[in-house]
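Undergrad: one predicted model, sequence on top.
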Amino acid sequence: MTFTKSFCSSPWTHMRITNSGTYEPCRWMHKDGRRTVDFNNSIATTSPLTYFQKTMSGIRKELLDGNSLKMCKDCYVMDQYDKPSGRRRQLLKAGVQDEYFEKSLASSTLKESFDYSAATQGHTKRYVTDWQIDLGNFCNSACVFCDPNSSSRLAAEFLQLGLIKEMPPSSWCDDPVQLNTFIKDLVASPELSYIHFLGGETLITPGFKKILTALVDAGIATNIVIGFTTNLTVWSDSMIELLTKFKQVHLGMSIETLTEINDYVRYPSNISSVKVCLDRWITLGKQHEWLMQLRITPTCLTVHDLTTVYDYAWENKISVESCNFLDNPKYMRLGVLPLEIRSAAIDKLTSWINAHPTNITGTIINTRSPDLVLPQIVHDATSYLAFLNNAPDESDRLPDLIRFLKTIETTRKNSILTYLPQYEQLFRAAGY
């Protein structure tokens, strides 16, 4: 791993607060299973500024020394398959491009900050300008690829089924003292420019509304871009009214396919009502000139219908994005499908890409550029085509997948074979 391929500017601008109230240095950091919870670095014990300027100094030093980091693994994999990684997007914001690394680094808007950190063992005088705020797991959906820490409904189901022994802890933002402390620090942050919120389902999480209201009341909303993702089962006029007061909104809309398998994987949604909600959000977003994206999490259960999302995105000129290639749960990775089964999805993606030519080639890092929407959709499809062709064979995980699906179907009273009859022989052989 060379300096060019490992360096990232994110630790000079960005950090995250997790559901538990602990801090993390990056929204894209790789996680092996459950996060290691470090309550010595949490909203209850440490100020965000102390964590950012001092605790993260070791990460900045490692990057300046040219070292690759385990926490950056997901970005390295995305780079390998020419999918726009968080690393490359953060570099672009700082004016740094891999293709012209040395020259663009020398002229970067953060060059003085890099130099200061290099001379001070990774310390910085900067403030956080880019936040990811995890609001907890309060959610009305129970997606099969999700986990109890991100869905209260799934957590309750898992507890009933014996898949977990206890419910996840309450979110930090359920504690009014911690929430008010964080809001006070957030409002006082100079040059705050971007906040991305995650749930659960953000629109029904009380902390989301309270933070937005505080930013509006402080008179700084017009300087801040808000990003959030909704699961397309919720509509809130009061939240929409708040969102219109901000400088810009980046609206993510989660959907896996425009077919009925979406109902199974994003249980208990209904694709008919999801489509109505999707159309409604898009109409609103265009009215306010919001930046919109369809957010996908392709799994071995949905990749065969991924082109339906690309079709919708192309027709409505909306980009498509996934945070990374799915890593967990391991039994839902794309490589779980044997190559001979993957071939149908490969053929569909190949045909779709060939039927949607664009004049732009190469990696599109700025996935939010309105001028690059159509090429970005094709580029995303191409990255999944490459991954399907090259992902290692993990078909030995099929029995794990089947055991999990059979377990949750006992409470949901449904069957994967209703939605994927073409997989019956494969799934029966694996124990379904």
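TA: Sure thing, it's come through. Residues are numbered from 1 along each chain as shown.

Undergrad: pretty sure Asp174 is touching Leu135, no?
TA: No - judged on CB atoms under 8 Å, Asp174 makes no contact with Leu135 at a distance of 9.3 Å. To be clear about C-beta, it is placed using only N, CA and C from the backbone, and glycine gets the same treatment.

Undergrad: the spatially most central residue of the chain and Asn67, how far apart?
TA: Central residue of the chain (CA atoms, centre = their mean): Cys323, 3.9 Å from the mean position. Taking CB to CB, to the nearest Å as the measure, Cys323 falls 24 Å from Asn67.

Undergrad: also Leu401?
TA: Where Asn67 is concerned, Leu401 sits at a distance of 36 Å (CB to CB).

Undergrad: Met56 too?
TA: Counting by CB to CB - Met56 and Asn67 are separated by 15 Å.

Undergrad: now do Ala386
TA: Taken as CB to CB, the span from Ala386 to Asn67 is 27 Å.

Undergrad: equivalent analysis for Phe197, please.
TA: Taken as CB to CB, the span from Phe197 to Asn67 is 31 Å.

Undergrad: neighbour count winner among these two?
TA: For Phe197 versus Asn67, neighbours defined as other CB atoms under 10 Å are more numerous around Phe197 (22 against 14).

Undergrad: so that one sits in a strand?
TA: Yes - per DSSP: H, G, I helix; E, B strand; the rest coil, Phe197 lies within a strand segment.

Undergrad: doesn't Cys173 make contact with it?
TA: No - between Phe197 and Cys173 there is no contact under CB under 8 Å: 10.3 Å.

Undergrad: find residues that contact each of those two.
TA: Shared contacts of Phe197 and Cys173, defined by CB atoms under 8 Å, 6 or more residues apart in numbering, are found at 135, 211.

Undergrad: which residues in this protein form strands?
TA: 14-17, 23-24, 130-134, 194-198, 225-230, 248-254, 291-295, 319-321 (DSSP state E).

Undergrad: what about Trp172, distance to Thr205?
TA: 12 Å.

Undergrad: what sits in contact with each of the two?
TA: When CB under 8 Å, 6+ apart defines a contact, the residues bordering Trp172 and Thr205 alike are Gly136.

Undergrad: and the nearest residue to Cys143 once chain neighbours are set aside, how far is that from Leu232?
TA: Sequence neighbours aside, Arg266 is the residue nearest to Cys143 in space, at 5.0 Å (criterion: CB to CB, 6 or more residues apart in numbering). Distance, Arg266 to Leu232, using CB to CB: 9 Å.

Undergrad: list residues touching both of those two?
TA: With CB under 8 Å, 6+ apart, Arg266 and Leu232 have common neighbours 254-255, 274.

Undergrad: any idea how far Lys406 is from Asp400?
TA: From Asp400 over to Lys406 (counting by CB to CB), the distance is 11 Å.

Undergrad: which one of those two is surrounded by more residues?
TA: Asp400 (17 against 14).

Undergrad: which non-adjacent residue is nearest the more buried one?
TA: That would be Tyr331: by CB to CB, 6+ apart, it lies 4.0 Å from Asp400.

Undergrad: the one you found against Thr407, yeah?
TA: No - taking contacts as CB under 8 Å, Tyr331 lies outside contact range of Thr407: 12.0 Å.

Undergrad: more neighbours, these two?
TA: Taking neighbours as other CB under 10 Å, Tyr331 and Thr407 compare with Tyr331 leading, 20 against 14.

Undergrad: thinking again about what came up before, I'd like the strands of the chain as a markdown table, with mean pLDDT appended.
TA: Formatted as a markdown table, the strands of the chain follow (pLDDT from 0 to 100):
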| stretch | mean pLDDT |
| --- | --- |
| strand 14-17 | 96 |
| strand 23-24 | 94 |
| strand 130-134 | 96 |
| strand 194-198 | 96 |
| strand 225-230 | 97 |
| strand 248-254 | 97 |
| strand 291-295 | 95 |
| strand 319-321 | 92 |
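
Undergrad: will you turn the ones you listed into TSV that also has distance to Leu284?
TA: Formatted as TSV, those follow (distance: least, CB to CB, whole Å):
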stretch	distance to Leu284
strand 14-17	28
strand 23-24	32
strand 130-134	23
strand 194-198	18
strand 225-230	11
strand 248-254	9
strand 291-295	9
strand 319-321	17
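
Undergrad: so which of these is nearest Ala430?
TA: Comparing the strands of the chain against Ala430 with CB to CB, the closest turns out to be strand 248-254 (27.8 Å).

Undergrad: next, the angle from that closest one to strand 291-295.
TA: Per axes from the mean of the first three to the mean of the last three CA atoms, to 10 degrees, the angle that strand 248-254 makes with strand 291-295 is 20 degrees.

Undergrad: need the CA coordinates for strand 248-254. CSV is fine.
TA: Output in CSV follows, covering the C-alpha atoms of strand 248-254 (Å, rounded to 0.1, in the frame of the first residue of the first chain):
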residue,chain,number,x,y,z
GLN,A,248,-29.1,22.1,1.5
VAL,A,249,-30.4,18.6,2.1
HIS,A,250,-28.8,15.3,0.9
LEU,A,251,-31.7,12.9,0.9
GLY,A,252,-31.0,9.2,0.9
MET,A,253,-33.8,6.8,0.1
SER,A,254,-33.2,3.1,1.0
